[in-house]
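**Q** this is the structure alone, sequence omitted:
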């Protein structure tokens with residue numbers, strides 16, 4: 001009995017005297033409603049928000065106070081489409097022959113830190129070599145600095161398809177990769193590939209439903225999965241509680257993915273009106289990645305930046321994404337926020353907000369897509385995506401209200417993740 005009383009007293013004392021952080025905020029964006037709250041203090045204890053109170057409060061002598069009185073404060077952003085292991089360069093296509101796994105791991109830590117410092121406290125990584133799983137684990141342990149990562153590990157494609165890792169190499173190196181390497185050719189293969197991702201420690205499943213721009217293969221838009229293969233993916237993913245995503249530029253491949261039960265369509269470049277209606281019917285979300293389309297087209301026009309077969313696709317497909325997004329938004333297609341960072345430089349993710357606004361989406365809706373919507377898709381609507389009591393203290397700040405100047409989102413001046421300040425203290 002005495003031991004219990006002593007233990008309770010120690011725990012009570014630790015709670016009573018634990019340092020709290022007081023963020024004195026000039027403006028807070030309520031991303032759920034679009035309202036702006038003025039002169040508030042967010043109080044954080046440990047990893048969580050304990051309360052949001054009126055006025056500028058300071059707490060006790062041991063508490064930390066951060067002055068954000070002339071800033072606009074909002075939840076940390078969530079990017080639903082990044083490739084955290086790599087970053088586009090003219091040398092990208094030879095790196096698989098020159099970089100060791102350790103080289104990829106070390107460079108990924110730089111990209112992870114740049115992403116967090118840009119205000120993106122959570123990302124969904126949609127495919128790499130598998131190093132992305134170890135990177136996630138290292139960040140979770142606090143070994144390195146970076147955003148919270150939900151990763152697909154290695155994406156799943158078909159033989160010769162967009163995620164076939166042997167595309168573009170000589171025959172003696174091609175071999176015959178299978179489900180373990182993320183290459184499937186039947187519904188049975190598809191199920192095995194999903195289970196392998198579970199075994200590997202992935203969080204989400206990503207397939208390449210059509211050809212892609214940056215793969216060394218002829219088509220950037222042809223359908224590359226049968227409906228039966230896609231259902232093998234989604235039915236198994238449901239058993240393992242995986243969110244599913246499909247890279248897709250071509251319309252037929254998109255339709256198969258939507259009917260097959262995929263939850264998010266990545267890119268969606270050549271989407272027809274019929275497919276837009278199908279997405280609304282099935283509550284399938286578009287992740288537009290406008291930034292990647294623009295950057296790929298720009299890089300494709302530079303002599304020698306991409307192999308010739310890639311440059312042709314980049315110039316043809318890249319510029320069409322923003323216009324498709326404008327039509328999809330106007331049509332009422334559900335929209336999530338994602339950028340395909342890695343096709344362009346990590347840390348520039350907020351460019352996507354500017355392009356979404358240019359295409360007709362109000363800035364507060366774009367911010368909601370990057371917070372509330374994405375948290376809901378990840379199954380974390382009770383802990384991420386809003387500034388509320390009990391939620392994780394993922395908090396960022398900018399100099400100006402983005403409703404007045406969307407460009408301010410490209411210059412995040414304060415970043416807190418799980419109660420720890422990483423920028424702007």
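**A** Thanks, I have it. All values reported here derive from a predicted model rather than from experimental measurement.
**Q** from now on I want contacts and neighbour counts done on CA atoms only, so please keep to that.
**A** OK.
**Q** quote the end-to-end distance of stretch 66-85.
**A** End-to-end distance of stretch 66-85 (Cα to Cα, to the nearest Å): 33 Å.
**Q** in that stretch, what's buried?
**A** 66-69, 71-85 (16 or more other Cα atoms under 10 Å).
**Q** from those, which ones fall inside strands?
**A** 66-69, 71-75, 77-82 (DSSP state E).
**Q** for those residues, which one is nearest residue 418?
**A** residue 75 (11.2 Å; Cα to Cα).
**Q** show me the contacts for the closest one.
**A** 31, 371, 384-387, 394-396 (Cα atoms under 8 Å, 6 or more residues apart in numbering).
**Q** do that again at 10 Å, thanks
**A** Residue 75 makes contact with 28-31, 119-121, 367-368, 370-372, 384-388, 392-397, 415-417, according to Cα atoms under 10 Å, 6 or more residues apart in numbering.
**Q** list only buried entries from those.
**A** For the contacts of residue 75, a neighbour count by 16+ other Cα under 10 Å gives the buried set as 28-31, 119-121, 367-368, 370-372, 384-388, 392-397, 415-417.
**Q** among the residues you listed, which are in helices?
**A** 367-368 (DSSP state H).
**Q** now do the helices in the stretch 151-300 of the chain.
**A** With DSSP state H, counting those that start in this stretch, the ranges of helices along the stretch 151-300 of the chain come out as 171-174, 187-200, 227-239, 251-259, 273-282, 290-300.
**Q** ok, and what's touching the third one?
**A** Residues outside helix 227-239 that contact it (Cα under 10 Å, 6+ apart) are 156, 158, 184-195, 197-198, 204-207, 209, 225-226, 240-246, 253, 255-263.
**Q** one more time with 7 Å
**A** 186-188, 190-191, 194, 256-257, 260-262 (Cα atoms under 7 Å, 6 or more residues apart in numbering).
**Q** out of those residues, which end up buried?
**A** Buried residues within the contacts of helix 227-239, counting neighbours by 16+ other Cα under 10 Å: 186-187, 190-191, 194, 256-257, 260-262.
**Q** pick out the most distant pair among those residues.
**A** Farthest pair in the buried ones among the contacts of helix 227-239, by Cα to Cα: 194 and 256, 18.2 Å.
**Q** residue 19: neighbouring residues, count only.
**A** 17 (other Cα atoms under 10 Å).
**Q** pretty sure it is in contact with residue 62, am I right?
**A** Yes: counting by Cα atoms under 7 Å, residue 19 does reach residue 62; the two are 6.0 Å apart.
**Q** got a list of what residue 183 touches?
**A** By Cα under 7 Å, 6+ apart, the neighbours of residue 183 are 156-159, 164, 177.
**Q** and if you look at residue 272?
**A** Residue 272 neighbours (Cα under 7 Å, 6+ apart): residue 251.
**Q** was I right about residue 333 contacting residue 278?
**A** No: Residue 333 is beyond contact range of residue 278, at 9.1 Å (criterion: Cα under 7 Å).
**Q** so which of these two has more stuff around it?
**A** Neighbour count, other Cα under 10 Å: between residue 333 and residue 278, residue 333 has more, with 21 against 17.
**Q** shouldn't the more buried one be within a strand?
**A** No: looking at residue 333 with DSSP: H, G, I helix; E, B strand; the rest coil, it is coil, so not inside a strand.
**Q** sorry, back to before: how about TSV for the helices of the stretch 151-300 of the chain, with distance to residue 91 and mean pLDDT added?
**A** Listed next are the helices of the stretch 151-300 of the chain as TSV, based on distance: least, Cα to Cα, whole Å; pLDDT from 0 to 100:
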stretch	distance to residue 91	mean pLDDT
helix 171-174	19	84
helix 187-200	29	98
helix 227-239	33	98
helix 251-259	30	98
helix 273-282	36	98
helix 290-300	13	96
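**Q** what would those look like in TSV with distance to residue 314?
**A** Listed next are these as TSV, based on distance: least, Cα to Cα, whole Å:
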stretch	distance to residue 314
helix 171-174	24
helix 187-200	29
helix 227-239	26
helix 251-259	17
helix 273-282	23
helix 290-300	5
